[in-house]
Structures are given as structure tokens and as C-alpha cells.
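Engineer: got a sequence here, can you model it:
(2 chains)
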There are 2 protein chains.
Amino acid sequence: MTGLARLSLNQETIKQWSLPELAEGCAKAGVRGVGLWRAPVQEYGPERAARLVRDAGLTVTSLCRGGFFTAIDPAARAAALDDNRAALDEAATLGTDTLVLVSGGLPEGSRDLAGARERIADALGDLAPYAAERGVRLAIEPLHPMYAADRCVVSTLAQALDLAERFPADRVGVVVDTYHLWWDDTVAAQIERAGRGGRIASFQLADWITPLPEGVLLGRGQLGDGSVDFRWFRERVDATGFDGPIEVEIFNPGLWARDGSEVLAEIAERYRTHVL
Amino acid sequence: MTGLARLSLNQETIKQWSLPELAEGCAKAGVRGVGLWRAPVQEYGPERAARLVRDAGLTVTSLCRGGFFTAIDPAARAAALDDNRAALDEAATLGTDTLVLVSGGLPEGSRDLAGARERIADALGDLAPYAAERGVRLAIEPLHPMYAADRCVVSTLAQALDLAERFPADRVGVVVDTYHLWWDDTVAAQIERAGRGGRIASFQLADWITPLPEGVLLGRGQLGDGSVDFRWFRERVDATGFDGPIEVEIFNPGLWARDGSEVLAEIAERYRTHVL
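Structural biologist: Residues are numbered from 1 along each chain as shown, chains lettered A, B, ... in the order given. Below you'll find the predicted structure:
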């Protein structure tokens, strides 16, 4: 189908699909890229998953997710680093150059945002050489400020870049996700900064819809259903010279309850209307 | 009670109390200030409410709320301005110098955040002289970015100050509310900026707790129950020379289900432990 060359489908968007269904469904729809998640990949087997998507002619545009770097307890911290090394191995096996990081929230009882952010920097320093050996870049994803306490103390693109820029650009990049960043009036300047430094590792799309559900995790909107101006974002990301994949990552039980092929066709149509 | 000289109770925190109960409860607990809301004040009658709190020896530290300035439709816009003039009249009757503004979200179908913010500036320009005649300051409250679509496109203290600074400091100020701003790593610099310009019209406290409830309106935490470092905030606000009221504004059904006096005693104790 026309215009879909850069479109990538993050598998969580149609999580009712098994990996083989995902590979077949994307190939049929003319979608050439997929973003994968660790749990379904591990369940299927990383080597087998890599072969499956390769045989279907697909590129793995990202692996979700590493991170959760903010623990204070040394044993928990060591376990997190081990787990991230395993994630980097899996990313290399899948042939993707991008491991998306959800950096972690405040540890139980802590109110020290600055300290948590420093522990993220320390973990990036520990992991960057290991990532580089495997040809995988660590991609810091700023999450919406409503996740600062329990998932990610990196809340803005500026904060993500402040962290990433402590390391070489080929080792640590950032994720530009419209769902997390749409509200921020400094985001255009920060996208330009990210592009100038060669830091854009991934560009992800979801729309912002209300009311938010309890726990605020599964309320992302289909493209065009909400408040995000996707074309505005895409033009600003493109203007930096970024020409990589544009990955649709929507967590929405309404989409999960529908036929996967129908959802993917709708995404393709919305992508043409609202993004291109 | 010791240390409560600056403590103000926003009435929504103990909304199970009628206005007379609020006045009596605060007087008994040694709390000298109250923040009021328009609906209960209108129901009781503004003049009568003013007399009631004055007779109890209380100061009205703020009136909530004006705002909702982002409508595009001229009739809706005119109605909003009329309603804000009425709110300013009520604030003057109550003897408070602060009308808190919730500026408004995106109009139905709009994705134009910058345009919405400009309409807020236009409304402030229309209302500022009327406010000044009544001795009331318009106080722009930046709301957490999770409210940007449906309640307030002013999401950071920097944005609120960008708007306020177009007008004289005695006409337009800002609200520093920990619940909305705690996650932002630029907030210390912006508090300093606000203080330097004499823009801090109100300092409000609520804690950030998770998981957020559906709709994310009524999930604020009792002081000390969550992620906010209140002393850090209070010290930074104090360092600007601000010595006004410190208003506790918590929306939480758990607090509303309890005995009001018990809740207020708990607030006073938490205030001493976590804020002073």
C-alpha cells in the first residue's frame, strides 16, 4: 500500500495477535516494520522470533523494554542491570538497533527525583559499552509526567536529552513519543536539539484521549481520535533529517477486542490521513 | 496550635462540612485561613458567607475558580468572560485578593495548543482592569499535564509565568501547587522567577499518590502519603520572600468520608511534620 514505507506496528497495539499472526498480518497489509516486546519474544524464543519476522520480510524497529534503573538497594540494582544485559542480547538476536528504556519511578518511600535521575545516568554508564558491543542503542523514553512516581522520573524530552548527552550519540538516544510529549510547549525546540545531536532513536505515535482510565496505562487513543497534532510532530521530526521508522504504539482494550487485520487497516488509513 | 499561622484550609478538602461547620471547625483547630469555592458560596449567599467567615476570625485566602477561557465560539467566550466578572465580584465580596483560574482545555475537535493559550492571554487582558478595580488578582494555576486536553492547556509554571508577565504583577499572578508541579525539574528556577517578579498569588499543597483513579480528578493524597517533598517546595517558595498563606487543597473521597475535625487535625499534624 502506498505511503506505508516508514510505518511500523508495535505489537502491543494488536496484542491479540500471536507472533506468527503479527508477521503474517503485517506482510499482508504492506507494513514493513514491527516493534516487539520482550515477554512474547521470550515465550516464542528470541532466535525463532528473529527467523519468523525475517522470513516475513519484516524489520524489527525496536524492542520494548529495558530500564527500571532507579532502585537504591544494591541487589535490586544489580538484578536490573543483569536484566538489561539480557534485553540487549535479545535485541541483538532480533536484529534491532534500539532498546527502548522505561527508566523507573521513585523507589518506595523516596521523594528524591534528582537522585533517581542520577541513578539512571549511572546505569546508562554501566550498560552503554555492553550495548555498543551488540550494536544496540539504549533509547531513553521520556514518559508523561503522570508516570513520574511509579514508572519513569524522566518526564520531558529535555530531561531525556540531558541524560543521553552524557554519552556518545551512537550508544544512547531518545524516544519521541507523541502520547508522552504532546502537551509540552518546549517540545519543538527539544526535537530540533535531539535531531541535531543524532539522538532520535525512535519515533512513536499514539493519540491522547480522555477520560483517562484507572491507573492511566491503557487509555491511549487510535490516531486521529484525540488531541495530538500528528502531522505537526512528524514534520518537526522529519525536519531534523530523521527518516527512520514511525512506530504506532497504542495500548487500548477497545483495539484489542477487535479483529487484528481490521485494526491494522484502520491504523494504515489513519496514518495516511493524520500523519503523512 | 503552634506553627499554623500560615495554614489555610481549602474547603474542598473537607467538603463534607457546610460553610458554618467549616468556619467553626477551622476556628476550633486554630486554622486562620480558608480557600472557598464558588458553588457553596453562591448557595449560601456571598455576603452571608463573607460575614460568617469574618465573624469566625478567618481570612479568605482564595476563591476557586474562574477561567475556562479557551472557547472559540464568540457566544461561549462572552459567557465565560461574564462568568469570570461575576467570580471577581464574589471574590471582592468575600474580601479575598485572589481568584484562582483554571484556564481551560482544548475546545472540542481542536488540536491547537498554542491558539488556546493565546485565547487565555486575550481573556486575561479583557478581565485584568475589572479585577484591578475590585482589588482582586487573577491567579493562573498551571495544572498537571494530564489535564491539558480537557481542563487546562497551561501545564507548567513557566507557561503560567509567560502568560502572567504580559500584565502588571498586581493584576495577574500564578498559583504554585505541589500536586501539579512536583515532577518538573525546572520548577525551582521557575519558583525563583515567580518570586522575583512578585507573581506568587497562592501556594497550595496536595500529595501525589498512585494509582490514579478513573478521570484522574479525585486522586490527590494527604500530605506525607505520597511522592511530594513538601519541605523542599516550601523552602524554595519562602526563599523568594513569599510569606503568604499555605493552602491545603486535597480532592480525595477517603478524606470526605471521615469526620471533618479528625481530617483537619491530621492535616495540621502532617503540615507540621512535612511542611514546616
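Engineer: from B:V53, how far out is A:A121?
Structural biologist: Plainly put, A:A121 is 50 Å away from B:V53 if you go by Cβ to Cβ, to the nearest Å. Backbone N, C-alpha and C define where each C-beta goes, glycine included.
Engineer: the more surrounded of the two?
Structural biologist: B:V53 (24 against 17; other Cβ atoms under 10 Å in any protein chain shown).
Engineer: who touches the helix or strand A:L163 falls within?
Structural biologist: Assigned by DSSP states H and E, A:L163 belongs to helix A:157-164. Helix A:157-164 has contacts (Cβ atoms under 8 Å, 6 or more residues apart in numbering or on different chains) with A:117, A:120-121, A:124, A:140-142, A:154, A:172-176, A:181, A:184, A:186-187, A:190-191, A:193-194, A:197, A:199, B:185.
Engineer: could you turn the buried ones of those into a ChimeraX selection?
Structural biologist: In ChimeraX syntax, the buried subset of the contacts of helix A:157-164 is picked out as below (16 or more other Cβ atoms under 10 Å in any protein chain shown):
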select /A:117,120,121,124,140,141,142,154,172,173,174,175,176,181,184,186,187,190,191,193,194,199 /B:185
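Engineer: distance between the helix or strand encompassing A:I267 and the chain's centre?
Structural biologist: Taking DSSP H and E as the definition, one finds A:I267 inside helix A:260-274. Helix A:260-274 sits 19 Å away from the centroid of its parent chain (Cα atoms, centre = their mean, to the nearest Å).
Engineer: what's in contact with the helix or strand just after the helix holding A:L163?
Structural biologist: Next along the chain after helix A:157-164, taking DSSP H and E as the criterion, comes strand A:172-177. Strand A:172-177 has contacts (Cβ under 8 Å, 6+ apart) with A:98, A:100, A:124, A:128, A:137-142, A:157, A:160-161, A:163-164, A:166, A:191, A:194, A:198-206, A:233, A:237, A:249.
Engineer: could you pick out the buried ones from the residues you listed?
Structural biologist: A:98, A:100, A:124, A:128, A:137-142, A:157, A:160-161, A:163-164, A:191, A:194, A:199-206, A:233, A:237, A:249.
Engineer: of these, which belong to helices?
Structural biologist: Of the positions in the buried ones among the contacts of strand A:172-177, A:124, A:128, A:157, A:160-161, A:163-164, A:191, A:194, A:233, A:237 sit in helices, assigned by DSSP state H.
Engineer: isn't A:H144 right next to B:H144, touching?
Structural biologist: No: at 9.7 Å, A:H144 does not count as touching B:H144 under the criterion of Cβ atoms under 8 Å.
Engineer: tell me how far the residue most central in space within chain A lies from A:V174.
Structural biologist: Residue closest to the mean C-alpha point of chain A, counted by Cα atoms, centre = their mean, is A:V100 at 5.0 Å. A:V100 is 10 Å from A:V174, where distance means Cβ to Cβ.
Engineer: for A:Q222, what are its contacts?
Structural biologist: A:207, A:250, A:252, A:255, A:266-267, A:270.
Engineer: then A:E262?
Structural biologist: Counting by Cβ under 8 Å, 6+ apart, A:E262 has no contacts.
Engineer: please apply the same query to the one 5 residues further on.
Structural biologist: The contact partners of A:I267, taken as Cβ under 8 Å, 6+ apart, are A:7, A:9, A:13, A:222-223, A:248.
Engineer: can you name the two of the residues you listed that are farthest apart?
Structural biologist: A:L7 and A:Q222 (14.2 Å; Cβ to Cβ).
Engineer: which positions within stretch A:54-71 qualify as buried?
Structural biologist: For stretch A:54-71, by 16+ other Cβ under 10 Å, it's A:56, A:58, A:60-71.
Engineer: in strands only, show me those residues.
Structural biologist: Within the buried residues of stretch A:54-71, residues falling in strands by DSSP state E are A:60-67.
Engineer: ok, now how distant is A:R134 from chain B?
Structural biologist: Counting by Cβ to the nearest Cβ, to the nearest Å, the gap from A:R134 to chain B is 31 Å.
Engineer: residues in contact with that residue?
Structural biologist: A:88-89, A:91-92.
Engineer: most neighbours of all those residues, which one?
Structural biologist: A:A91 (28 neighbours).
Engineer: looks like A:I14 contacts A:V263 (just checking).
Structural biologist: Yes: applying Cβ under 8 Å, one finds A:I14 in contact with A:V263, separated by 5.4 Å.
Engineer: now do the shared contacts for these two.
Structural biologist: With Cβ under 8 Å, 6+ apart as the test, A:I14 and A:V263 both reach A:L255.
Engineer: phi, psi for A:R48 please.
Structural biologist: Main-chain torsions, A:R48, degrees, to the nearest 10: phi -60, psi -40.
Engineer: burial of it, as a residue count?
Structural biologist: Residues near A:R48, counting by other Cβ under 10 Å: 11.
Engineer: swap in A:A75?
Structural biologist: With other Cβ under 10 Å as criterion, A:A75 counts 8.
Engineer: could you do A:R77 as well?
Structural biologist: Counted with other Cβ under 10 Å, A:R77 comes out at 18.
Engineer: that one: what's it in contact with?
Structural biologist: A:69, A:71, A:119, A:123.
Engineer: and with 7 Å instead?
Structural biologist: Listed by Cβ atoms under 7 Å, 6 or more residues apart in numbering or on different chains, the contact partners of A:R77 are A:A71.
Engineer: what helix or strand is it on?
Structural biologist: Secondary structure (DSSP H and E) places A:R77 in helix A:74-94.
Engineer: quick one: that helix to strand A:59-67, angle?
Structural biologist: 180 degrees (axes from the mean of the first three to the mean of the last three Cα atoms, to 10 degrees).
Engineer: restrict helix A:74-94 to CA atoms and write it as CSV.
Structural biologist: Only the C-alpha atoms of helix A:74-94 are listed here, as CSV (Å, rounded to 0.1, in the frame of the first residue of the first chain):
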residue,chain,number,x,y,z
PRO,A,74,22.3,-2.9,45.6
ALA,A,75,20.9,-6.3,44.9
ALA,A,76,17.8,-4.9,43.1
ARG,A,77,20.1,-2.6,41.1
ALA,A,78,22.4,-5.5,40.1
ALA,A,79,19.4,-7.5,39.1
ALA,A,80,18.1,-4.7,36.9
LEU,A,81,21.5,-4.4,35.2
ASP,A,82,21.6,-8.1,34.5
ASP,A,83,18.1,-8.0,33.1
ASN,A,84,19.0,-5.1,30.9
ARG,A,85,22.0,-7.0,29.5
ALA,A,86,19.7,-9.9,28.7
ALA,A,87,17.4,-7.4,26.9
LEU,A,88,20.4,-6.2,24.9
ASP,A,89,21.2,-9.7,23.9
GLU,A,90,17.6,-10.3,22.8
ALA,A,91,17.7,-7.1,20.8
ALA,A,92,20.8,-8.1,19.0
THR,A,93,19.3,-11.5,18.3
LEU,A,94,16.3,-9.9,16.8
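Engineer: that one: which residues count as buried?
Structural biologist: Neighbour-count burial for helix A:74-94 [16+ other Cβ under 10 Å]: A:77, A:80-81, A:84-85, A:87-88, A:90-94.
Engineer: chain center to it: distance?
Structural biologist: Using Cα atoms, centre = their mean, the offset of helix A:74-94 from its chain centre is 17 Å.
Engineer: returning to what we had before: adding pLDDT, write the ones in helices among the buried ones among the contacts of strand A:172-177 out as JSON lines.
Structural biologist: JSON lines is the format used below for these (pLDDT from 0 to 100):
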{"residue": "A:L124", "pLDDT": "98"}
{"residue": "A:A128", "pLDDT": "98"}
{"residue": "A:L157", "pLDDT": "98"}
{"residue": "A:A160", "pLDDT": "98"}
{"residue": "A:L161", "pLDDT": "98"}
{"residue": "A:L163", "pLDDT": "98"}
{"residue": "A:A164", "pLDDT": "98"}
{"residue": "A:I191", "pLDDT": "98"}
{"residue": "A:A194", "pLDDT": "98"}
{"residue": "A:F233", "pLDDT": "98"}
{"residue": "A:V237", "pLDDT": "98"}
